[in-house]
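Q: What follows is a protein structure lacking sequence information:
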């Protein structure tokens, strides 16, 4: 059984997405890229740089550039989703991270049973392969959180609590503008990993969730003042009206149209 493979470009340059269902047994090989994925169904066994490992549905699987590995199904077949990141993409995100003397060029876990991290990966995969308009800040957060988990979460917290108010004000002053973790980190004097962690700890939101909330706040005011739905969506930074509708339903349980009608 050769199987069904889909290979596609993604929203981030230097990243390739693969979706596969296969009963193939792969011979020893390696990749130039970092591979991070999730087993969707079935199970597999494979050699890795840390010996023989087995992964089942829901497990995260990883491979480092140049790492020799193989793969065989446990049973008839298995399905998985993978994102392959060029070393430049990974090195750019973790550049300057003070990882206590550890060289952050190797993903430590060939298999990791971490359901929250697996959900984070699938969110990242959907964002990477979905239609244009996905929030780039949310995508960057998913990527940073995922790498933080796979790098054993060794990035130390900042010594002193940063003034998160600066970042909150920057987003609230213009929620329609797409921000990046690098931009937020620069305001706080922190790395991207540290900025994400400090922001969440201080206000209970990730930067992207806070930005989405501020966009909804502004949209509600515009709609209540009589603005057309499409006009409100555009003015607040949503990619389109359906994007705004999803954000409303997730937060309030009702649509912007229902608010306008009321």
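A: On my side now, so go ahead. Being a predicted model, the structure only gives us computed values, none of them experimental.
Q: Now do the strands in this structure.
A: 4-9, 15-22, 26-29, 34-41, 43-48, 51-56, 60-63, 69-73, 78-85, 111-112 (DSSP state E).
Q: Using TSV, lay out these together with distance to residue 197, mean neighbour count and mean pLDDT.
A: All C-beta atoms are positioned from the backbone trio N, CA, C, and that covers glycine. Output for the strands of the chain, formatted as TSV (distance: least, C-beta to C-beta, whole Å; neighbours: other C-beta atoms under 10 Å; pLDDT from 0 to 100):
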stretch	distance to residue 197	mean neighbour count	mean pLDDT
strand 4-9	31	11	85
strand 15-22	23	18	90
strand 26-29	36	10	81
strand 34-41	20	20	95
strand 43-48	29	18	91
strand 51-56	28	14	92
strand 60-63	20	24	94
strand 69-73	31	17	88
strand 78-85	21	21	93
strand 111-112	20	18	93
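Q: closest one to residue 179 among the ones you listed?
A: strand 15-22 (20.4 Å; C-beta to C-beta).
Q: Okay, now the sheet partners of that closest one, with direction.
A: strand 4-9 (antiparallel), strand 78-85 (antiparallel) (DSSP bridges).
Q: Tell me which stretches of the chain form helices.
A: 87-94, 115-129, 136-150, 164-173, 181-188, 192-203, 207-224, 229-236, 241-252, 256-261 (DSSP state H).
Q: Flag every buried residue along the second one.
A: In this case it means helix 115-129. Across helix 115-129, burial judged by 16 or more other C-beta atoms under 10 Å covers 117, 118, 120, 121, 123, 124, 125, 127, 128, 129.
Q: For the closest residue to residue 211 other than its chain neighbours, give me its contacts.
A: Nearest residue to residue 211 in three dimensions, chain neighbours excluded: residue 171, at 5.2 Å (C-beta to C-beta, 6 or more residues apart in numbering). Contact partners of residue 171, counting by C-beta atoms under 8 Å, 6 or more residues apart in numbering, are 179, 184, 207, 210, 211, 214.
Q: My guess is the last one contacts residue 175. True?
A: Yes - here residue 214 reaches residue 175: they are 3.7 Å apart, a contact under C-beta atoms under 8 Å.
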